[in-house]
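1. The amino acid sequence is not available; the structure is as follows:
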């Protein structure tokens, strides 16, 4: 018979992204008799078309993505539950490769893979994708946005996270008001509490539409940074890492130019050396592997992203609570 998979997609309303995702779901290399898709909008709608897999649309009301995913877990008939976002569509080998990982090792609780920017995204959305996948922009986590070598991970975005249903039942699902950050919570339950593995594989690949740069991109960065800063205190096992602090150190360095500019101009050249090195790396990173027309916007975007992340990471670090935690209490 083979392993049955339930794909769970939280969404506010049925939209063109969902229709696109279903189009590509039909094309994946996987037995459709072992596939079901559960779409969870606030208000029930319809997805037009004929599909060779089961598709169910379950109205949830205006609840958080974590709560929608928990509803999807309860409704799922598959042994494996694959979580993607509504603006994601799968590659051909996505589920086939993920199932192979589960079959190869019983201690593999979850599989994950890169969420690559689609070629049909707009110019400014591609800029956002280039920022995330760049050496300076994505840093140690660029593999989340571009295929890199397989590895175990302990924290992964829920836009492409595939988990055994038995594991989800053991840990009680997502069970959190945090968003974003619900994926950090559930990954920690898997790796810390169950001592099981999450395996990243480049062939467990999906395509993820980005938000427009600058407005949508920076709004997302702000939310990510604030939650990560707060998670340093709540979930230090996966959030108390120097890479998350680096943008804040960069912000303090930029602010420190007040001293040489106003009080000691003689050391301005020496003070500027780290920034000049940063600019050189930034310039090289912005043209590497991409068309020149994207270089300026990518470079400016990485710089602004670092400042945004640095400021809002500190805000989250200093926050006594986030609004989601207050709501849950």
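-> Structure received. Given the structure is predicted, the values throughout are model-derived calculations rather than measurements.

2. other SSEs contacting the helix or strand containing residue 170?
-> Per DSSP states H and E, residue 170 falls inside helix 165-171. Helix 165-171 sits against helix 65-75, strand 80-84, with contacts defined as 3 or more C-beta pairs under 8 Å, 6 or more residues apart in numbering; DSSP states H and E. The way it works is simple: take the backbone N, C-alpha and C, and place the C-beta from them, glycine included.

3. can you give me the mean pLDDT across that helix?
-> For helix 165-171, mean pLDDT is 96.

4. check contacts around residue 108.
-> Residue 108 makes contact with 101-102, 196-199, according to C-beta atoms under 8 Å, 6 or more residues apart in numbering.

5. Of those, which is the nearest to residue 309?
-> Checking those against residue 309 with C-beta to C-beta, the nearest one is residue 198 at 23.8 Å.

6. Isn't the closest one up against residue 111?
-> Yes. In terms of C-beta atoms under 8 Å, residue 198 counts as a neighbour of residue 111; the distance is 7.4 Å.

7. Could you report the separation of residue 100 from residue 53?
-> Between residue 100 and residue 53 the computed distance is 19 Å (C-beta to C-beta, to the nearest Å).

8. which stretches of this structure aren't confidently modelled?
-> In the predicted model, the chain carries pLDDT under 70 at residues 1, 176-180, 289, 323-329.

9. quick one: the strands in the stretch 101-250 of the chain?
-> 108-112, 115-116, 151-153, 160-164, 197-200, 206-208 (DSSP state E, counting those that start in this stretch).

10. The first one versus strand 80-84: what angle between them?
-> Between the axes of strand 108-112 and strand 80-84, defined by axes from the mean of the first three to the mean of the last three C-alpha atoms, to 10 degrees, the angle is 30 degrees.

11. any idea of the angle strand 108-112 forms with strand 160-164?
-> Using the same axes, to 10 degrees: strand 108-112 against strand 160-164 is 160 degrees.

12. circling back: output the strands of the stretch 101-250 of the chain as a markdown table; include the columns distance to residue 288.
-> A markdown table is the format used below for the strands of the stretch 101-250 of the chain (distance: least, C-beta to C-beta, whole Å):
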| stretch | distance to residue 288 |
| --- | --- |
| strand 108-112 | 25 |
| strand 115-116 | 16 |
| strand 151-153 | 22 |
| strand 160-164 | 24 |
| strand 197-200 | 22 |
| strand 206-208 | 21 |
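
13. so which of those comes closest to residue 73?
-> Once the strands of the stretch 101-250 of the chain are compared by C-beta to C-beta, strand 160-164 is nearest, at 8.9 Å.

14. name the helices or strands packed onto that closest one?
-> Strand 160-164 packs on strand 80-84, helix 94-104, strand 108-112, helix 182-188, going by 3+ C-beta pairs under 8 Å, 6+ apart.

15. Now distance to residue 121 too, for these, in JSON lines please.
-> Below are the helices and strands packed on strand 160-164 laid out as JSON lines (distance: least, C-beta to C-beta, whole Å):
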{"stretch": "strand 80-84", "distance to residue 121": "17"}
{"stretch": "helix 94-104", "distance to residue 121": "19"}
{"stretch": "strand 108-112", "distance to residue 121": "21"}
{"stretch": "helix 182-188", "distance to residue 121": "22"}
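
16. Quickly find the element holding residue 317.
-> If you go by DSSP H and E, residue 317 is part of helix 295-318.

17. Show me which residues of that helix are buried.
-> Buried residues in helix 295-318, counted by 16 or more other C-beta atoms under 10 Å: 295, 297-314, 316-317.

18. Over to stretch 94-104?
-> Quick answer for stretch 94-104 (16+ other C-beta under 10 Å): 94-95, 97-99, 101-102.

19. Equivalent analysis for stretch 113-129, please.
-> 113-118, 121, 124-129.

20. Quick check: of the residues you listed, which lies closest to residue 251?
-> Looking at the buried residues of stretch 113-129 and their distance to residue 251, the nearest is residue 128, at 20.7 Å (C-beta to C-beta).

21. Identify the farthest-apart pair in the buried residues of stretch 113-129.
-> Maximum distance among those (C-beta to C-beta): 25.0 Å, for 113 and 124.

22. residues contacting residue 131?
-> So residue 131 contacts 137-138, 213, 217, 298, 301-302, 305 (C-beta under 8 Å, 6+ apart).

23. at 7 Å instead, please
-> By C-beta atoms under 7 Å, 6 or more residues apart in numbering, the contact set of residue 131 is 137, 298, 301-302, 305.

24. Tell me, how many residues neighbour the nearest residue to it once chain neighbours are set aside?
-> Closest residue to residue 131 apart from its sequence neighbours, by C-beta to C-beta, 6 or more residues apart in numbering: residue 137 at 4.1 Å. By other C-beta atoms under 10 Å, 26 other residues sit near residue 137.
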